[in-house]
Every structure is written in C-alpha cells, then in structure tokens.
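[1] Next comes the sequence, and after it the predicted model I'd like to discuss.
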Amino acid sequence: RVERLVRAFFLERGFRETRTPILVESPGMEAHIVPYRTERGASLRTSPEFSMKELLVGGLEEIFQIATCFRDEPVSATHLPEMTLIEWYRAYADETAIMADTEALVATLATALHGAPLIPFQGAHIDVTPPWPRLRVADLFAEHADIDLQACTLPDAEFFQLWLDKVEPHLPRERAVFVTEYPPEHAALAVVATRADGSRFARRFEVFAGGLELANAFCELTDPIEQRARFARDNPRAKMPVQFLDALAQGMPPAAGIALGLDRLVMLLADEPDIRFTVWLLPYVEC
C-alpha cells in the first residue's frame, strides 16, 4: 500500500518513473558504503544515483524510482543488506524543493494510513506536519558535543562516532526534522556554499524521525572536474564511474535529489521497531 501511495504521489505531480540497471560497473564512491561485487568485477548497485543523474543529462527533468539496492553491511534492527530506496531528482531546482517534496510525501502517507500527519510509533506520536524544523550540523555539535566545527576538521571516523554518541541521541523523536549544512568534507556529491563570514558548508541534508535516519539529499554537484577530484580524494582505490563522469562532462543541469529508505519509512508507518519484519524472510540470511 505504501508503494502504491508513493507512486501516486509522484505521478500526480508530473514525475516520470524510471528503471535503471541493478548490475553496474561502479556502484558508488562513498568509502563508508561497501558494495557486493560479482566474480567478474561488476557490482550490485548501492543506489540508482549515477544512472538517474545520467537521465537528467539526457533531458528528463523530474524523475523517481523505487529501487532495490544492496550494501554489504551487518544486519541490524535498522539495516538489511538488501534494501528498497525511494530516490527522486528535480532538474533546475535546489535542496529546498526536495525538502518540500519530502515533507509533503511523508505527511501524505501518514494521513492516508492514520488519518492525520501524525505517526503512532512505540507508544508515542511523530508529528510530520509541514514545515519541519531545520537543524544545522554545526549548531548540533556545538550544543551537544561542545565542538566548534568551524575551528577544526574531524576525520570521518571521529565525526561519525561523535555524531552517534553525542548528537544523534538528542535529535527530536516526536518530530520529523531536517539536519542541514554538513561540513564540505562529508558530502562528496554536493555543492559547497560559502556563508557571509567566509565559512563553507555542503548543501546536503538528512531526514530523521522517531530516532531513525530516513534520507540523505544534496543540491547536486555538476562540475565533472571537481567531481572526479573529490572521488579520487575520498576513495582513491575505487574504480572511477567513467560513464557517470562522462555524462557530467556533457552537461548536467542544476539539480537536487534524495534517497529515502522505504523499509525504514514502513517501519515507522507500521509501528514496527525491527526492519527485519518488513521483509518476507525471517530471520534474514547473512550474505
């Protein structure tokens, strides 16, 4: 039912549904995302991102996909190696348009299933009424970890550990929120902007609700030279996504996009704290 509602939401707004390859030459370049590889060297996609951006280059402007994806990470109450993402992109738009889409989508689903933009979850209610609060990463680290991100650069492992230990536990559980303005080094695919004081931030946001991370979004980087340099810097041993970079070189329009975890969204909407109960096979087989 959720998938039917998702399709209706996007089709009614003029988006085109897409289907892109599951078996790909290069699944992604984020060092912290581990793909499954075949014996011949191809990979199962970790996201349809590169392929969908190639469609933007090809002239499609508003597209979405309900995509089966694979990430070689341990099974837990919030993660399965085989997952379903809702991914969508808007050409000639920025991240604020994707925020508006996200608020409207989740509120629409909650209202259809529960009669109001309130999601009953584990004895409480999550308010998904738009607009959602925007919480800046730098403000969260200053308040909960006593760290000035403008004055220091944290290695990836240190940043994520502090986030998990000090910051994420303090995010509102009774309200869906956007976490915005990540440090530039934590958004290889996003546009980097400069504030009035000269400090820089990535135009990236994540969505959290009920203690769950639901989505990751960018105002998309379209410069092929800068994109290649970031890939080489962040994951020098990975195979370059040549087809994707060639597409960027042909000219990708300004765009914004998001990947939202459908399985985690179903967890919230079904009041189910264990993601393994959103799939048929239990217990889930380790891959």
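    Ah, there it is.

[2] mean confidence for the lengthiest helix in the chain?
    Identified as the longest helix of the chain according to DSSP state H is helix 95-114. Per-region confidence: helix 95-114 scores 98 on mean pLDDT.

[3] gap between the two ends of stretch 32-42?
    For stretch 32-42, the first-to-last residue distance is 19 Å (C-alpha to C-alpha, to the nearest Å).

[4] buried sites along it?
    Neighbour-count burial for stretch 32-42, counted by 16 or more other C-beta atoms under 10 Å, picks out Pro35, Tyr36, Ala42. Glycine gets a C-beta too; all of them are placed from N, C-alpha and C.

[5] could I get these as JSON lines with secondary structure?
    Below are the buried residues of stretch 32-42 laid out as JSON lines (DSSP: H, G, I helix; E, B strand; the rest coil):
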{"residue": "Pro35", "secondary structure": "coil"}
{"residue": "Tyr36", "secondary structure": "coil"}
{"residue": "Ala42", "secondary structure": "coil"}
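
[6] between these, which is nearest Pro236?
    Pro236 lies nearest to Pro35 out of the buried residues of stretch 32-42, by C-beta to C-beta, at 16.4 Å.

[7] Contacts only, for the closest one.
    For Pro35, the contacting residues are Pro27, Gly28, Ser43, Leu44, Arg45, Thr46, Phe70, Arg71, Asp72, by C-beta atoms under 8 Å, 6 or more residues apart in numbering.

[8] How far does the longest helix of the chain sit from its chain's centre?
    15 Å (C-alpha atoms, centre = their mean, to the nearest Å).

[9] Now the element after it, going C-ward?
    strand 118-121 (DSSP states H and E).

[10] Show the average pLDDT along that next one.
    Mean predicted lDDT for strand 118-121 stands at 98.

[11] Please apply the same query to stretch 61-74.
    Stretch 61-74 comes out at a mean pLDDT of 96.

[12] What's the PyMOL line that selects buried ones from the contacts of Pro35?
    The following PyMOL line selects those of those that are buried, judged by 16+ other C-beta under 10 Å:
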select buried, resi 27+28+43+44+45+46+70+71
